[in-house]
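S.K.: here is a sequence with its predicted model. Questions after.
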Amino acid sequence: MTTRRGSIPLCAIAVLAALVTHSSSLAGGPPLRTGLWVTQRLPADDAALRTFESDVKASRDLSGVCLHIPWDQIEQASGKADFTEVDRAVAILRSARMSYQLCLKPGASTPAFVYADGAQAFKTQVANPHRANYGAAIQIPVPWDPIYERDWTRIIDQLGQRYANDPLCVSVVLTCANFLSAEMHLPKSPSELARWRSLGDYASRLLEVYKRFTDEWAKAFPSQEISLHVSKVLDLPPSFCERIIDYGLARYPKRFSIQSCQLTGRKEDTGVMTYDLVQRYRDRLHHGFQSLAALDGPDGRMGSAEMAALNLVHAGAEYWELWHGDGFDPKIARRARDAWEEAKKAGYEAYKNKLIAEGRYRAGR
């Protein structure tokens, strides 16, 4: 095909149009997190800190660390937060030039003083059999309680004052209405749902809580990714999560992200609510996944690295958080990285066909 000097071939115009369409739909631009990440509890003593330092130094395939910080571990008296343990962990990451995310957790980790100050408690128990404290009686604050919101706002602001200017701090988790983790879960047995209903219009109240704390986290950390760990909330439909996502996307399009913590390598994850949410928004905001337990475990709970990689590529994931035991195991982290790189290079369909040919593909449970 011949063209005049300075004109653009039609095929090039088509490619250019596709690129423009994609870049305008994903308003956020380049992601703040990419590659393999690992979850890490805040080291609580010298021995745990030494182990963490050794693990970080031995890591070759990780891009960053997600530091999980129970609120009651750093603030046990009102207004007297002690960031010493966080500082020590961050110093190790800075020494290694390792990017990190801060995940400050309220919910069951809310300090006792919040309730002593008058915040309303929602009493429940641990219903997850995979947790060491399964069956234990615990409590969480009612998310829209004004005393809880006051204290939670204060600690977010203090955290931001201390770490927001660190260029290695690239992300924070949008926590505010939580139970045992950073996900959006709340206690939801039939009797617990009845108790939530007795507190009024919890859908509207929770939506306002999430809007408020989307803004609080964004204000305290003006340069960081704001990561919402999506999950089903009580008996509310997926559209509830979408309303929160739409709010964050409209206000902070360059740095609002969503994460599914339910990535598996057991099967194709299409049909899982959080996976489908990511698929729905994948071209409009940043997103990634977490494997919450060990890959290739004897119980088969999380399945294989290869099937997990297939799910990542199908969803166009920007990052993958590994469970800390996997992420800090050089062999497992390398296998996960290699599987993901191979899947990205091949593409979803070709990699799926490869797994089928090798007998490693699983369509369902």
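M.R.: Yes, it's here. Every value quoted in this text rests on a predicted model; they were computed, and no experiment measured them. Numbering: from 1, shown residues only.
S.K.: quick one: the host helix or strand of Asn311 to chain centroid distance?
M.R.: Using DSSP states H and E, Asn311 falls within helix 305-314. Centroid separation for helix 305-314 versus its chain: 17 Å, with CA atoms, centre = their mean, to the nearest Å.
S.K.: give the other helices and strands that the helix or strand that comes right after that helix contacts.
M.R.: Moving toward the C-terminus from helix 305-314, the next helix or strand (DSSP H and E) is strand 319-322. If contacts are counted by 3 or more CB pairs under 8 Å, 6 or more residues apart in numbering; DSSP states H and E, strand 319-322 sits against strand 35-41, strand 286-290, helix 330-346. Where you see a C-beta, it was placed from the backbone N, CA and C, and this is true even at glycine.
S.K.: now with 10 Å, please.
M.R.: Judged by 3 or more CB pairs under 10 Å, 6 or more residues apart in numbering; DSSP states H and E, strand 319-322 is in contact with strand 35-41, strand 62-70, strand 256-260, strand 286-290, helix 305-314, helix 330-346.
S.K.: direction included, what does it pair up with?
M.R.: strand 35-41 (parallel), strand 286-290 (parallel) (DSSP bridges).
S.K.: could I get the ones you listed as a markdown table with mean pLDDT?
M.R.: Shown next, in a markdown table, are these (pLDDT from 0 to 100):
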| stretch | mean pLDDT |
| --- | --- |
| strand 35-41 | 97 |
| strand 286-290 | 97 |
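S.K.: where do the helices sit along this protein?
M.R.: Here the chain has its helices, by DSSP state H, at 10-25, 46-58, 71-74, 84-95, 112-116, 146-163, 190-198, 202-220, 238-251, 273-281, 305-314, 324-327, 330-346, 348-357.
S.K.: average pLDDT for the fifth one?
M.R.: By that I understand helix 112-116. Helix 112-116 carries an average pLDDT of 97.
S.K.: next: the longest one.
M.R.: The average pLDDT within helix 202-220 is 98.
S.K.: pull out the buried residues from stretch 265-278.
M.R.: By neighbour count on 16 or more other CB atoms under 10 Å, the buried set for stretch 265-278 is 265-269, 272, 274-275, 277-278.
S.K.: ok, the residue nearest to Pro222 when sequence neighbours are not counted - contacts?
M.R.: Distance criterion CB to CB, 6 or more residues apart in numbering; nearest residue to Pro222, sequence neighbours excluded, is Ala164 at 6.7 Å. With contacts defined as CB atoms under 10 Å, 6 or more residues apart in numbering, Ala164 is in contact with 102, 157, 172, 219-224.
S.K.: ok, now which ones touch Gln161?
M.R.: Taking CB under 10 Å, 6+ apart, we find Gln161 in contact with Ala220.
S.K.: if I look at it, how far off is Thr153?
M.R.: For Gln161, the distance to Thr153 (CB to CB, to the nearest Å) stands at 13 Å.
S.K.: joint contacts of these two?
M.R.: Joint contacts of Gln161 and Thr153 (CB under 10 Å, 6+ apart) are Ala220.
S.K.: residues touching Tyr319, list them.
M.R.: By CB under 10 Å, 6+ apart, the contact set of Tyr319 is 31-37, 63-64, 66, 101, 171, 225, 227, 257, 259, 286-290, 312.
S.K.: and it, what are its bridge partners?
M.R.: What pairs with Tyr319, by the bridge criterion (DSSP bridges), is Gly35.
S.K.: and the gap between it and Gly327?
M.R.: According to CB to CB, Tyr319 and Gly327 sit 12 Å apart.
S.K.: mutual contacts of those two, please.
M.R.: By CB under 10 Å, 6+ apart, Tyr319 and Gly327 have these common neighbours: 36-37, 64, 66.
S.K.: okay, now the unreliable bits of the chain?
M.R.: Under the criterion pLDDT under 70, the flagged ranges of the chain are 1-28, 128-135, 364-365.
S.K.: try it again with 50
M.R.: 1-25 (pLDDT under 50).
S.K.: count of neighbours near Gln101?
M.R.: 24 (other CB atoms under 10 Å).
S.K.: need the contact list for it.
M.R.: Taking CB under 10 Å, 6+ apart, we find Gln101 in contact with 32-33, 37, 39-40, 64-68, 169-173, 224-225, 227, 319, 321.
S.K.: so Leu67 touches Cys103, yeah?
M.R.: Yes: using CB atoms under 10 Å, Leu67 makes contact with Cys103 at a distance of 6.5 Å.
S.K.: right, and the helices of the chain - which one's nearest Ala294?
M.R.: Nearest of the helices of the chain to Ala294, taken as CB to CB: helix 324-327 at 5.6 Å.
S.K.: packing partners of the closest one?
M.R.: Applying 3+ CB pairs under 10 Å, 6+ apart, one finds that helix 324-327 contacts strand 35-41, helix 46-58, strand 62-70, helix 330-346.
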